[in-house]
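Enquirer: make a model of this:
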Amino acid sequence: MVNDGLMAALLAGGPEEKRPRTLIAKNAAIQDHLRGQLGITLIALGGAFRAKYNVFFGEIAENKLSRLWADLALISTPTVLGGRAFLLDDDVVRTNRAGMDTATQYCLLINHGRFGQSALHLLGDLREFATIITDTALDAEETAALDQAGITLTTAMEDA
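Expert: Sure, this is the predicted structure:
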(Lines give C-alpha, C1' and ligand atoms only; values in the text may rest on other atoms or scores of the structure.)
Protein backbone atom coordinates (compact mmCIF):
# COMPACT_ATOMS: atom_id res chain seq x y z
CA MET A 1 0.00 0.00 0.00
CA VAL A 2 1.52 3.26 -1.11
CA ASN A 3 0.64 6.48 0.63
CA ASP A 4 0.82 10.00 -0.74
CA GLY A 5 4.05 11.97 -0.76
CA LEU A 6 7.16 12.37 -2.89
CA MET A 7 9.20 9.72 -1.06
CA ALA A 8 6.37 7.19 -1.46
CA ALA A 9 6.22 7.94 -5.19
CA LEU A 10 9.95 7.32 -5.53
CA LEU A 11 9.77 3.98 -3.71
CA ALA A 12 6.45 2.76 -5.09
CA GLY A 13 7.48 0.95 -8.25
CA GLY A 14 10.58 -0.54 -6.71
CA PRO A 15 13.29 -2.24 -8.70
CA GLU A 16 12.22 -4.35 -11.67
CA GLU A 17 13.77 -7.47 -10.14
CA LYS A 18 11.15 -7.21 -7.35
CA ARG A 19 8.30 -7.49 -9.83
CA PRO A 20 5.64 -8.74 -10.34
CA ARG A 21 3.96 -6.93 -7.50
CA THR A 22 0.57 -5.50 -6.65
CA LEU A 23 0.32 -1.95 -5.36
CA ILE A 24 -2.58 -0.19 -3.68
CA ALA A 25 -2.37 3.58 -4.26
CA LYS A 26 -4.54 6.53 -3.24
CA ASN A 27 -2.25 9.19 -4.73
CA ALA A 28 -3.27 10.25 -8.25
CA ALA A 29 0.33 11.02 -9.29
CA ILE A 30 1.48 7.56 -8.19
CA GLN A 31 -1.49 6.00 -9.96
CA ASP A 32 -0.56 7.87 -13.15
CA HIS A 33 3.13 6.97 -12.80
CA LEU A 34 2.52 3.25 -12.26
CA ARG A 35 -0.31 2.85 -14.77
CA GLY A 36 0.87 0.57 -17.54
CA GLN A 37 4.26 -0.34 -16.03
CA LEU A 38 5.22 -3.93 -16.69
CA GLY A 39 4.96 -6.25 -13.72
CA ILE A 40 2.72 -3.90 -11.71
CA THR A 41 -0.88 -4.67 -10.85
CA LEU A 42 -2.31 -1.37 -9.68
CA ILE A 43 -5.29 -1.07 -7.35
CA ALA A 44 -6.28 2.58 -7.52
CA LEU A 45 -8.34 3.74 -4.56
CA GLY A 46 -11.16 6.09 -5.27
CA GLY A 47 -12.89 8.45 -2.91
CA ALA A 48 -13.14 12.18 -2.46
CA PHE A 49 -10.31 13.76 -4.45
CA ARG A 50 -8.41 16.55 -2.70
CA ALA A 51 -6.34 18.57 -5.15
CA LYS A 52 -4.26 20.03 -2.30
CA TYR A 53 -2.73 16.58 -1.72
CA ASN A 54 -3.48 15.01 -5.14
CA VAL A 55 -4.99 12.11 -3.18
CA PHE A 56 -8.28 10.29 -2.75
CA PHE A 57 -9.62 10.34 0.83
CA GLY A 58 -12.74 9.72 2.80
CA GLU A 59 -15.25 6.99 3.43
CA ILE A 60 -14.99 5.38 -0.01
CA ALA A 61 -11.21 5.04 0.23
CA GLU A 62 -11.38 3.87 3.84
CA ASN A 63 -14.06 1.25 3.05
CA LYS A 64 -12.05 -0.06 0.10
CA LEU A 65 -8.93 -0.29 2.27
CA SER A 66 -10.85 -2.26 4.92
CA ARG A 67 -11.46 -5.02 2.32
CA LEU A 68 -7.82 -5.32 1.21
CA TRP A 69 -4.64 -6.67 2.79
CA ALA A 70 -1.04 -5.64 2.14
CA ASP A 71 2.30 -7.00 3.25
CA LEU A 72 3.68 -3.49 3.60
CA ALA A 73 2.27 0.03 3.85
CA LEU A 74 4.49 3.00 3.01
CA ILE A 75 3.12 5.91 5.05
CA SER A 76 4.51 9.42 4.71
CA THR A 77 4.33 12.19 7.28
CA PRO A 78 5.30 15.86 7.15
CA THR A 79 6.46 16.10 10.79
CA VAL A 80 7.96 14.10 13.65
CA LEU A 81 8.43 15.37 17.19
CA GLY A 82 9.05 13.62 20.49
CA GLY A 83 8.79 10.12 19.10
CA ARG A 84 5.46 10.76 17.37
CA ALA A 85 4.38 11.40 13.78
CA PHE A 86 1.91 14.17 12.97
CA LEU A 87 -0.21 15.18 9.99
CA LEU A 88 -1.78 18.45 8.90
CA ASP A 89 -5.29 17.17 8.20
CA ASP A 90 -7.69 14.85 10.04
CA ASP A 91 -8.92 13.28 6.75
CA VAL A 92 -5.33 12.29 6.02
CA VAL A 93 -4.98 10.72 9.47
CA ARG A 94 -8.15 8.63 9.06
CA THR A 95 -7.22 7.36 5.60
CA ASN A 96 -3.61 6.67 6.62
CA ARG A 97 -4.75 4.77 9.73
CA ALA A 98 -7.13 2.75 7.54
CA GLY A 99 -4.15 1.91 5.32
CA MET A 100 -2.08 0.92 8.31
CA ASP A 101 -4.89 -1.32 9.55
CA THR A 102 -4.71 -3.26 6.26
CA ALA A 103 -1.00 -4.06 6.41
CA THR A 104 1.19 -6.61 8.12
CA GLN A 105 3.82 -3.94 8.73
CA TYR A 106 4.29 -0.30 7.88
CA CYS A 107 7.20 2.00 7.24
CA LEU A 108 7.18 5.73 7.89
CA LEU A 109 8.63 7.98 5.19
CA ILE A 110 9.85 11.44 6.16
CA ASN A 111 12.24 14.05 4.84
CA HIS A 112 15.17 14.53 7.24
CA GLY A 113 14.40 18.26 7.58
CA ARG A 114 10.96 17.56 9.03
CA PHE A 115 12.21 16.05 12.30
CA GLY A 116 11.67 18.27 15.32
CA GLN A 117 8.40 19.74 14.00
CA SER A 118 4.80 19.01 14.90
CA ALA A 119 1.40 19.47 13.32
CA LEU A 120 -2.15 19.51 14.64
CA HIS A 121 -3.15 15.86 14.15
CA LEU A 122 -1.36 12.87 15.68
CA LEU A 123 -0.78 9.92 13.33
CA GLY A 124 0.91 7.71 15.90
CA ASP A 125 3.93 6.67 17.90
CA LEU A 126 7.10 5.97 15.90
CA ARG A 127 7.43 2.55 17.55
CA GLU A 128 4.38 1.43 15.55
CA PHE A 129 6.49 1.42 12.39
CA ALA A 130 8.82 -1.40 11.32
CA THR A 131 11.29 1.22 10.16
CA ILE A 132 11.56 4.91 9.40
CA ILE A 133 12.95 5.80 6.00
CA THR A 134 14.44 9.24 5.48
CA ASP A 135 16.34 10.82 2.60
CA THR A 136 19.65 11.72 4.26
CA ALA A 137 21.32 11.21 7.63
CA LEU A 138 19.82 12.83 10.70
CA ASP A 139 21.83 14.74 13.25
CA ALA A 140 23.52 12.64 15.93
CA GLU A 141 21.07 13.67 18.67
CA GLU A 142 17.99 12.64 16.68
CA THR A 143 19.64 9.37 15.59
CA ALA A 144 20.56 8.56 19.21
CA ALA A 145 16.99 9.22 20.38
CA LEU A 146 15.61 6.82 17.76
CA ASP A 147 18.22 4.19 18.67
CA GLN A 148 17.41 4.54 22.35
CA ALA A 149 13.70 4.03 21.60
CA GLY A 150 14.52 0.90 19.58
CA ILE A 151 13.36 2.45 16.31
CA THR A 152 15.04 1.31 13.09
CA LEU A 153 16.14 4.12 10.79
CA THR A 154 16.99 3.63 7.13
CA THR A 155 18.64 6.40 5.15
CA ALA A 156 17.55 5.95 1.53
CA MET A 157 20.33 7.98 -0.10
CA GLU A 158 23.05 6.03 1.71
CA ASP A 159 21.38 2.66 1.15
CA ALA A 160 20.52 3.23 -2.52
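
Enquirer: excluding chain neighbours, what is closest to the spatially most central residue of the chain?
Expert: Nearest residue to the geometric centre of the chain (C-alpha atoms, centre = their mean): Ile75, 1.5 Å. Nearest residue to Ile75, sequence neighbours excluded (C-beta to C-beta, 6 or more residues apart in numbering): Asn3, at 4.7 Å. Using the backbone N, CA and C atoms, a C-beta is placed for each residue, glycine as well.

Enquirer: tell me the phi and psi of that neighbour?
Expert: As for Asn3, its main-chain torsions (degrees, to the nearest 10) stand at phi -80, psi -180.

Enquirer: my guess is it contacts Lys26. True?
Expert: Yes - the criterion here is C-beta atoms under 8 Å, and Asn3 meets it with Lys26 at 7.2 Å.

Enquirer: shared neighbours, those two?
Expert: Common contacts of Asn3 and Lys26 (C-beta atoms under 8 Å, 6 or more residues apart in numbering): Gly99.

Enquirer: in what helix or strand does the residue nearest to the centre of the chain lie?
Expert: Ile75 belongs to strand 70-76 when assigned by DSSP states H and E.

Enquirer: could you do Glu141 as well?
Expert: helix 140-148.

Enquirer: buried residues in that helix, which are they?
Expert: 142, 145-146 (16 or more other C-beta atoms under 10 Å).

Enquirer: same question, stretch 81-94
Expert: So stretch 81-94, judged by 16+ other C-beta under 10 Å, has buried residues 84-87, 89, 91-94.

Enquirer: farthest-apart pair in these, please.
Expert: Arg84 and Asp91 (19.0 Å; C-beta to C-beta).
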